[in-house]
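Colleague: missing the sequence, but the structure's below:
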């Protein structure tokens, strides 16, 4: 899971007609940056269990700081196995 584009809605309309908030896109909470073995990055709400195969590389930071970290450190979107196959 990657961060959505800026301006992406943080609520969605449930099929029954009510708005549902997405805990992964709240600007007023803390996040962790996770990385998997393929080098892919993800923002994860602090305090939420880290899924198998992912590790925390930046913890308990504001969302904007996490996004900046991802932009600076995940410069090649290809999975690690594809990057190493072409070098």
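Modeller: Cool, the structure landed. Since this is a predicted model, take the numbers as computed values, not measurements.
Colleague: show me what counts as buried in stretch 60-79.
Modeller: Buried positions in stretch 60-79, judged by neighbour count with 16 or more other CB atoms under 10 Å: 61, 63, 66, 67, 69, 70. Just so you know, the C-beta spots here come from the backbone N, C-alpha and C atoms, and that holds for glycine as well.
Colleague: tabulate the residues you listed (CSV), appending pLDDT, secondary structure and distance to residue 32.
Modeller: Formatted as CSV, the entries for the buried residues of stretch 60-79 read as follows, by pLDDT from 0 to 100; DSSP: H, G, I helix; E, B strand; the rest coil; distance: CB to CB, whole Å:
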residue, pLDDT, secondary structure, distance to residue 32
61, 97, strand, 8
63, 92, helix, 11
66, 95, helix, 7
67, 93, helix, 12
69, 97, helix, 10
70, 96, helix, 11
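Colleague: nearest to residue 43 among those?
Modeller: residue 66 (5.2 Å; CB to CB).
Colleague: thought residue 83 was touching residue 75?
Modeller: No. When contacts are counted by CB atoms under 8 Å, residue 83 is not listed as touching residue 75 (10.6 Å).
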